[in-house]
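Asks: build me a model:
(4 chains)
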Number of protein chains: 2
Amino acid sequence: MGERTRRGPSMFDVARVAGVSHQTVSRVLNAHPNVREVTRTRVLSAIDELGYRPNRAARTLVTGRDRVLGVVAPGSTLFGPVSLLAAFEEQAVNAGFGVSVVRIRDLDGASVREAVDRHLDGQVSGIVVIAPVAPVAAALDELPRTVPLVTVDGDPARPGAMATVDQVEGGRVATRRLLEAGHRTVWHISGPPDWFDAAGRAAGWEAELRAAGCEVPPVVPGDWSPDAGYRAGQFLGRMPEVTAVFAANDAMATGLLHALHERGRAVPGDISVVGFDDVPSSAHLIPPLTTIRPDFEAVARAALDLLVAGADGVGGINGADNTGGANGTGGANNTGGANGTGGTGDTDPVPVASGEAVAHRGVVPVLVDRDSVGPPPG
Amino acid sequence: MGERTRRGPSMFDVARVAGVSHQTVSRVLNAHPNVREVTRTRVLSAIDELGYRPNRAARTLVTGRDRVLGVVAPGSTLFGPVSLLAAFEEQAVNAGFGVSVVRIRDLDGASVREAVDRHLDGQVSGIVVIAPVAPVAAALDELPRTVPLVTVDGDPARPGAMATVDQVEGGRVATRRLLEAGHRTVWHISGPPDWFDAAGRAAGWEAELRAAGCEVPPVVPGDWSPDAGYRAGQFLGRMPEVTAVFAANDAMATGLLHALHERGRAVPGDISVVGFDDVPSSAHLIPPLTTIRPDFEAVARAALDLLVAGADGVGGINGADNTGGANGTGGANNTGGANGTGGTGDTDPVPVASGEAVAHRGVVPVLVDRDSVGPPPG
DNA sequence: CCATGCTGGCCACCTATTGTA
DNA sequence: TTACAATAGGTGGCCAGCATG
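Replies: Residues are numbered from 1 along each chain as shown, chains lettered A, B, ... in the order given. You can find the predicted model right below:
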């Protein structure tokens, strides 16, 4: 059909209107030196007189890179990944990047590879992979490494740039809270064993118990779902020696509370519970749930920082763009400055437990105390 | 800073290996007729011998369109938008499109315009805007309409392509469930008044009450948050005449249950409650919540269909791509066929309440009966 | 050396034209 | 007419070289 190619003005049109050569327009656009202030102004006003917008495809074609960040994320709507994704998308856009997302339903190596390839085809400037399970993380090692790639929620043992919540510390904090309330030990309903998040939280739980010289009960396996928490509660509720439970996420804690309520076990009277995530509804469960709150914004910020700084050895991404023209005098691209367009200003440095060679950033989560923890009965 | 331009093979390389002209390669790639089967095969094998991948930027430059769909979504992590987004992203990728996402934190006209402009700059093939409030929806009317644009969760009164959950019907179903349980009337905790979703659910609630000849109590305003539900519950719980409440989403229902529990009002013994969304935890609230489940996958599918069909009058998006080469014989681009690459096969037609001139698609939600509804006390 | 202009090649692909068997 | 080859111009922007006040 018609396909009226309604192309916008090009550099040449701008040049004509401004009475300069297209060369000069290009120089203005790319903040090259050697442009007189008057000329620059003239060009700039021609630009917005015409409503000129540089053609991204053309630029990408010649530079070989698009100012887009690729994200590979699991298809689920689990609170953690979703929150991370939302935070990252917003911050990336604020830093002047486009964000391209590929969801993978199956968390296996082939899916990840395909997703990453897709992004590579699009000439992205960098890639973030939310890699919560082993197959996903493993697949990353065999990938052609032509652009910076950072992992989120990935394998803590894997080298390479990664940003994550410090799951182990989170597990310790949760467990400690329970022990300090006077419980002799703490039971744990874990996430799926192949998830790093789950393994980390369980490891923290166990470490804290051992440090306190407590017995380490068997792990109750779960899968993040409220149903799993409910099922776990059905038998934990029958065991008199169970007085404290750390659920690896709030969803399972929700199911647990449900089961305990059904069995007539009071929380926190008979059994104390701590969750993980601080989902919005956790403040209004019955009883309001004491839980661990991870700072997803900080993790997203760390991931973006790592990408821009090129922390995985591939070399960083060039700094801010300047299509707007507001920042006239700003000279060359300074690495690390990701606040290109309309950034919200204060990008506080993320509190990190810095590794040395590898650029791992673990954001320490925080305890939110509510009403589901009390002293043991009796 | 070497910037080793590690460019891959181009059409010319493929042509050389296959012993044909780059013209022929192009023809094969674009499924042009007039290519002998042997030649096509030769080209195809040269393609994967070299690991050739067509350069998207170059194609975009010539055609003026990238095979990417732009999404504008609110920055929140509310269950509805998040679920919609996840579903859409997955389906779009399965249909062979890239997905570019821009989150907007402030749901105002300026933010939407900027987001849409961003996408337009990227030469996207189509745009989806999750437009749950008036300013967002309104801003769309003034936009240059060069590519198909569909609205999700937008203004039902606005013309133009839209896919959405049938909120009104959902509100009616929820209310009817309560009335049929024997309640004399139903109270309603609504979402923010400027949200179309909230307005629709409230309208359905009111319509159903009127249809049944019931008194219409004043609306209790909320904001989707559990806190709002809790606050509402604090006074609804003190009013003896309140025996049935329809909360506009499960989060508020959660807070409501909490408040009622605190006040010693039994659910469903004293008060019955129905929510909306069917969030994962609703099955394990205390008591398990009767709620309305919207089919977000269906809405996402409808949105994608509308985009590809060009339902808003701008003309559809060209059909499947064929980089893979698997579908050799498939001839010209047939409009409406969005199942290009590895689609999950059965794209059931979405059940729609078809409007006539305007392409609105309302997906009817369904009741999920659990334990929070019973007959009125006494 | 500074601020520009001009010319031209290049990026990878699309498409149209002409010619050939 | 069919199935190509060869050639060329166009897409918009980048960059290098060289000339000019």
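Asks: C-alpha from now on. contacts and neighbour counts both.
Replies: Noted.
Asks: from the contact counts, what lies against the helix or strand containing residue A:23?
Replies: Assessed by DSSP states H and E, residue A:23 sits inside helix A:22-29. In terms of contacts (3 or more CA pairs under 8 Å, 6 or more residues apart in numbering or on different chains; DSSP states H and E), helix A:22-29 is packed against helix A:11-18, helix A:37-50.
Asks: and residue A:90, helix, strand or coil?
Replies: At residue A:90 the chain is in helix, as set by DSSP: H, G, I helix; E, B strand; the rest coil.
Asks: hang on, it packs against residue B:101?
Replies: No - applying CA atoms under 8 Å, one finds residue A:90 not in contact with residue B:101, separated by 9.1 Å.
Asks: looking at these two, which is more packed in?
Replies: Legend: neighbour count by other CA atoms under 10 Å in any protein chain shown for residue A:90 and residue B:101, higher for residue B:101 (25 against 22).
Asks: confirm the more buried one sits in a strand?
Replies: Yes - counting by three-state DSSP, residue B:101 is located in a strand.
Asks: so how far is DNA strand D from the closest residue to it other than its chain neighbours?
Replies: Spatially, and ignoring its direct neighbours in sequence, residue B:101 is nearest to residue B:71 (4.8 Å; CA to CA, 6 or more residues apart in numbering or on different chains). Residue B:71 sits 23 Å away from DNA strand D, going by CA to the nearest atom of the strand, to the nearest Å.
Asks: centre of the chain to the strand or helix carrying residue B:71, how far?
Replies: Secondary structure from DSSP H and E places residue B:71 in strand B:68-74. The chain centroid and the centroid of strand B:68-74 are separated by 10 Å under CA atoms, centre = their mean, to the nearest Å.
Asks: could you say what helices and strands it packs with?
Replies: helix B:79-94, strand B:98-104, helix B:109-121, strand B:126-130.
Asks: try it again with 6 Å
Replies: strand B:98-104, strand B:126-130 (3 or more CA pairs under 6 Å, 6 or more residues apart in numbering or on different chains; DSSP states H and E).
Asks: any chance of JSON lines for those strands, columns mean pLDDT and distance to residue B:47?
Replies: Converted to JSON lines, the helices and strands packed on strand B:68-74 look like this (pLDDT from 0 to 100; distance: least, CA to CA, whole Å):
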{"stretch": "strand B:98-104", "mean pLDDT": "96", "distance to residue B:47": "22"}
{"stretch": "strand B:126-130", "mean pLDDT": "95", "distance to residue B:47": "29"}
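Asks: so how far is residue B:98 from residue A:124?
Replies: For residue A:124, the distance to residue B:98 equals 12 Å [CA to CA, to the nearest Å].
Asks: go on, residue A:252?
Replies: Residue A:252 is 34 Å from residue B:98, by CA to CA.
Asks: give me the more crowded residue out of these two.
Replies: residue A:252 (31 against 24).
Asks: which SSE is the more buried one in?
Replies: Per DSSP H and E: residue A:252 is located in helix A:250-262.
Asks: equivalent analysis for residue A:20, please.
Replies: Taking DSSP H and E as the definition, one finds residue A:20 inside no helix or strand.
Asks: separation between it and residue A:279?
Replies: Applying CA to CA to residue A:20 and residue A:279 gives a distance of 57 Å.
Asks: please apply the same query to residue A:204.
Replies: Using CA to CA, residue A:204 is found at 21 Å from residue A:279.
Asks: these two - which one has more neighbours?
Replies: residue A:204 (23 against 17).
Asks: in terms of contact, does the more buried one touch residue A:168 like I think?
Replies: Yes - using CA atoms under 6 Å, residue A:204 and residue A:168 qualify as a contacting pair, with a distance of 4.1 Å.
Asks: all helices of chain A, in order?
Replies: A:11-18, A:22-29, A:37-50, A:56-63, A:79-94, A:109-121, A:134-141, A:167-180, A:196-211, A:226-236, A:250-262, A:296-309 (DSSP state H).
Asks: tally of neighbours for residue A:117?
Replies: For residue A:117, using other CA under 10 Å, the count is 15.
Asks: repeat for the one 10 residues further on
Replies: Counted with other CA under 10 Å, the burial measure for residue A:127 works out to 25 neighbours.
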